[in-house]
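Chemist: need a 3D model of the following:
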Amino acid sequence: MANNRKKLGEAELEIMQVIWKSNCPITSNQILCGLQQYRSWQLSTLMTALSRMADKGFVHCDRSTGINLYTAIVLEDDYKVTESKNFLKKLYDNSIQNLVANLYSNKVLGDSDLRELRSFLDALDERKDGE
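Modeler: Numbering: from 1, shown residues only. Below is the predicted model of the structure:
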């Protein structure tokens, strides 16, 4: 994802999550249904948001079939990687250790979370050694 691309707001991210989850072009009514657990919007509100998101370069609207079909331009993993890097850089000086230490010292992470993390890292090491 290009660094000059604007960020998604909270509601826009919820819309993108519905689009990403669909794995195929999706109508505005389908998006509206997918948003019901987050938002009680009218279709006009969603259409305004989708238009802004298209202007920002996040979604594409295909109008060629007579039905507006929306697809993601930005892949979910690409967005997550970019936003994770930005988050880590801004709040933790690019240090995973600082992030984990902060979460642990503030009791957001517990001992079982650390064991799970350690197990995950050990599994990564084993895969790396097996290559």
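Chemist: which element is Phe88 on?
Modeler: Residue 88: Leu, not Phe. Using DSSP states H and E, Leu88 sits within helix 76-92.
Chemist: one more: Leu103?
Modeler: Per DSSP H and E: helix 96-105 holds Leu103.
Chemist: buried stuff in that helix?
Modeler: For helix 96-105, a neighbour-count test (16 or more other CB atoms under 10 Å) marks Leu99, Val100 as buried. In short, each C-beta sits where N, CA and C put it, glycine included.
Chemist: helix or strand next in line after that helix, which one?
Modeler: helix 111-129.
Chemist: what residues does that following helix touch?
Modeler: Defining contact as CB atoms under 8 Å, 6 or more residues apart in numbering, one finds that helix 111-129 is touched by Val100, Tyr104, Leu109.
Chemist: and the last one, how many neighbours does it have?
Modeler: As a burial measure, Leu109 scores 17 neighbours (other CB atoms under 10 Å).
Chemist: got the contact list for it?
Modeler: Val100, Leu103, Leu117.
Chemist: now do the first one
Modeler: Under the criterion of CB under 8 Å, 6+ apart, the contact list for Val100 reads Leu109, Leu114, Leu117.
Chemist: before we move on, the earlier item: turn the contacts of helix 111-129 into CSV, columns for distance to Leu13 and pLDDT.
Modeler: CSV is the format used below for those (distance: CB to CB, whole Å; pLDDT from 0 to 100):
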residue, distance to Leu13, pLDDT
Val100, 24, 90
Tyr104, 27, 90
Leu109, 24, 90
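Chemist: wait, Tyr92 touches Ala101, no?
Modeler: No: look at Tyr92 against Ala101 with CB atoms under 8 Å: they stay out of range, at 9.0 Å.
Chemist: could you check how far the one helix or strand Ser44 maps to is from the centre of its chain?
Modeler: Remark: Ser44 resides in helix 43-56, with elements defined by DSSP H and E. Here helix 43-56 is found 17 Å from its chain centre; the criterion is CA atoms, centre = their mean, to the nearest Å.
Chemist: cool, stretch 93-113 as well?
Modeler: 21 Å.
Chemist: and the end-to-end length of that stretch?
Modeler: By CA to CA, to the nearest Å, the extent of stretch 93-113 from end to end equals 22 Å.
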